[in-house]
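Asker: Have a look at this fold, sequence not included:
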């Protein structure tokens, strides 16, 4: 379930480039380790755990896709999860593959915007993506407890509920603190176990599927904003794993393989259970809301499979939390390495080699936000993420045009006109998502963007007054 429950463009200064070799030496360091004196990772992330971390950044299983059927009926839901990856997911994954292998350092999209348009836009990218990721993180412990209360009603309200949210947040964050390799292989186990009830659901459904049910348009009024938001939230965040590119074993080769493998797994995990469930049961469109897969499992196989789906949903939420927190933590680390944040933000744990401040800050924010009602906040997060993605697409195109001599271990096989078309379609969708926001969403998003601007100038003041210590390698590169 991609991201949770449910700009102005600069005029870049000309680049002074002496030659192809200078460009490659400047922007393609010989290794992905930080060159700023900070500690480097001892254990690199291998292909399989990276695949499942990306999978949990984007999806986490079919949980959460039910609202697409409730909003538009089986036919549009199936077409949506079949076609939307080509419009949104594949372009985002291709861009991530190219830029993450070209700049294989922690920070991901922050580095891309910084290289394209300078430190201000790198900082704004970091603010938009970090705010959206950290606040969105708070939804996962709440979702986890919401699923648990189906099995243990004591968690429905009051002190037991808040204690459960607080405890689960701390425990899940501690797992992230114990090391990236542990989190990666935990994601593999969580992914396989959380998908296991759907393997059975599909197998049991096959003999009773009626293909004509797939063609149903539903009998309820279409809710297109809900439909497109459901697709968006279930199929975005492909670029989040780029923030830990510096921790990946041989990122130039591993990242493209992991992205395309995770993409294939994600599409199958959404589409096949959806076709099985809609084809095997009579349509009751009003019931197709988040969590309905558990009821469908009971209808198709019995209560035992319903409980299994509910347990799987809890494990999926745990995987989502770990992947999102990992992305936030290494984004903070990367922003410290390029001098956007103070050097202290990049300190690693002596015992586990993890960026403990990068883990602590999102955890504290998640604890604070999880006690609030934040439907509007989540919508604002969606808006901020869209701003960041528009800047990301523009950074990709600008780097292709102005830095043609960069060594690109993986390169999207298109010229600039084709790339513009590829980025245009998802950009139109992003503008649509922003357009349907409410006044409160615009107010909150504007306030958070203003906070990001103030933060940038505050950090510059801290640099000039030497109140805090910053890495300045990236600033020297940009001179």
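Answerer: Thanks, I have it. What you are looking at is a predicted structure, and each value in this text was computed from that prediction instead of being measured.

Asker: give me the number of residues near residue 206?
Answerer: 10 (other C-beta atoms under 10 Å). The C-beta positions use only the backbone N, C-alpha and C, and glycine is treated the same way.

Asker: Repeat that for residue 426.
Answerer: With other C-beta under 10 Å as criterion, residue 426 counts 22.

Asker: Check residue 48 too.
Answerer: Residue 48 has 14 nearby residues by other C-beta under 10 Å.

Asker: check contacts around the nearest residue to residue 85 once chain neighbours are set aside.
Answerer: Leaving aside its sequence neighbours, residue 85 sits nearest to residue 267 (C-beta to C-beta, 6 or more residues apart in numbering; 5.6 Å). When contacts are counted by C-beta atoms under 8 Å, 6 or more residues apart in numbering, residue 267 touches 81, 85, 89.

Asker: Against residue 323, how distant is residue 267?
Answerer: Residue 267 sits at a distance of 18 Å from residue 323 (criterion: C-beta to C-beta, to the nearest Å).

Asker: from what I can see residue 182 touches residue 175, true?
Answerer: Yes. Between residue 182 and residue 175 there is a contact under C-beta atoms under 8 Å: 7.2 Å.

Asker: In which helix or strand does residue 169 reside?
Answerer: Secondary structure assignment for residue 169, by DSSP states H and E: helix 158-177.

Asker: In that helix, which residues are buried?
Answerer: Using 16 or more other C-beta atoms under 10 Å as the test for burial, helix 158-177 gives 161, 164-165, 168-169, 172-173, 175-177.

Asker: from those, which is closest to residue 468?
Answerer: Residue 468 lies nearest to residue 177 out of the buried residues of helix 158-177, by C-beta to C-beta, at 24.0 Å.

Asker: Settle this for me: that closest one is touching residue 350, isn't it.
Answerer: No. Applying C-beta under 8 Å as the test, residue 177 and residue 350 come out as separate, 11.9 Å apart.

Asker: now the longest helix along the chain against helix 158-177, angle please.
Answerer: For the chain, the helix that runs over the most residues, judged by DSSP state H, is helix 303-337. Interaxial angle of helix 303-337 relative to helix 158-177 (axes from the mean of the first three to the mean of the last three C-alpha atoms, to 10 degrees): 60 degrees.

Asker: Any idea which helix or strand in the chain has the lowest mean pLDDT?
Answerer: One helix or strand of the chain scores below all others by mean pLDDT, DSSP states H and E: helix 20-27, with a mean of 39.

Asker: elements contacting the next helix or strand after that one?
Answerer: On the C-terminal side of helix 20-27, the closest following helix or strand by DSSP H and E is helix 47-58. Counting contacts by 3 or more C-beta pairs under 8 Å, 6 or more residues apart in numbering; DSSP states H and E, helix 47-58 packs against helix 180-205, helix 251-280, helix 303-337.

Asker: which other residues reach helix 47-58?
Answerer: Against helix 47-58 from outside (C-beta under 8 Å, 6+ apart): 2, 45, 89, 181, 183-185, 187-188, 190-191, 234-238, 240-241, 248-249, 254-255, 257-259, 261-262, 265-266, 269, 316, 319-320, 322-324, 326-327.

Asker: Just the buried ones out of those residues, please.
Answerer: The neighbour-count test (16+ other C-beta under 10 Å) marks 2, 45, 89, 181, 183-185, 187-188, 190-191, 234-238, 240-241, 248, 254-255, 258-259, 261-262, 265-266, 269, 316, 319-320, 322-324, 326-327 as buried among these.

Asker: Now for residue 125: which residues touch it?
Answerer: Taking C-beta under 8 Å, 6+ apart as the test, what residue 125 contacts is 109-110, 112-114, 388, 391-392, 395.

Asker: If we use 6 Å, what do you get?
Answerer: Taking C-beta atoms under 6 Å, 6 or more residues apart in numbering, we find residue 125 in contact with 109-110, 113, 388, 391.

Asker: cool, and residue 385?
Answerer: residue 132.

Asker: now residue 184
Answerer: Contacts for residue 184 (C-beta under 6 Å, 6+ apart) come out as 45, 49, 53.

Asker: Dump those into JSON lines; add pLDDT and distance to residue 401 as well.
Answerer: Converted to JSON lines, these look like this (pLDDT from 0 to 100; distance: C-beta to C-beta, whole Å):
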{"residue": "45", "pLDDT": "88", "distance to residue 401": "32"}
{"residue": "49", "pLDDT": "95", "distance to residue 401": "35"}
{"residue": "53", "pLDDT": "95", "distance to residue 401": "31"}
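
Asker: Tell me the one among those residues nearest to residue 440.
Answerer: The closest of these, once distances to residue 440 are taken by C-beta to C-beta, is residue 53, at 33.3 Å.

Asker: count of residues packed around the closest one?
Answerer: 29.

Asker: Could you do the one 3 residues further on as well?
Answerer: Counted with other C-beta under 10 Å, residues neighbouring residue 56 total 33.

Asker: Which residue is the nearest non-sequential neighbour of it?
Answerer: The nearest residue in space to residue 56 (C-beta to C-beta, 6+ apart) is residue 323, at 3.7 Å.

Asker: any weak-confidence spans in the chain?
Answerer: Applying pLDDT under 70 to the chain picks out residues 1-43, 371-380, 473-479.

Asker: Pick out the residue closest to the middle of it.
Answerer: In the chain, the centroid-proximal residue (C-alpha atoms, centre = their mean) is residue 237; its distance is 3.1 Å.

Asker: ok, now how distant is the closest residue to it other than its chain neighbours from residue 99?
Answerer: The shortest distance from residue 237 to any non-neighbouring residue, by C-beta to C-beta, 6+ apart, is to residue 57 (4.8 Å). Using C-beta to C-beta, residue 57 is found at 16 Å from residue 99.

Asker: next one: stretch 98-108 to chain centre, how far?
Answerer: Its chain's average C-alpha position is 16 Å from that of stretch 98-108, according to C-alpha atoms, centre = their mean, to the nearest Å.

Asker: got the contact list for it?
Answerer: Applying C-beta under 6 Å, 6+ apart, the contact partners of stretch 98-108 are 32, 111-112, 242-243, 245-246, 251-252, 255, 330, 333-335, 338, 406, 408-412.

Asker: Same check on stretch 285-303?
Answerer: 64, 66-67, 69-70, 201, 204-205, 218, 220, 277, 280-281, 305-306, 309-310.

Asker: how about a cut-off of 8 Å?
Answerer: So stretch 285-303 is contacted by 5-6, 62-64, 66-67, 69-70, 73, 147, 150, 197, 200-201, 204-205, 208, 218-220, 273, 277, 280-281, 305-306, 308-310, 313 (C-beta under 8 Å, 6+ apart).

Asker: Weed out the non-buried ones from the residues you listed.
Answerer: Buried among the contacts of stretch 285-303 (16+ other C-beta under 10 Å): 5-6, 62-64, 66-67, 69-70, 73, 147, 150, 197, 200-201, 204-205, 218, 273, 277, 280-281, 305-306, 308-310, 313.

Asker: Please report phi then psi for residue 244.
Answerer: With angles defined as degrees, to the nearest 10, residue 244 sits at phi -120, psi 30.

Asker: which residues touch it?
Answerer: So residue 244 contacts 45, 106, 108, 180, 326-327, 330 (C-beta under 8 Å, 6+ apart).
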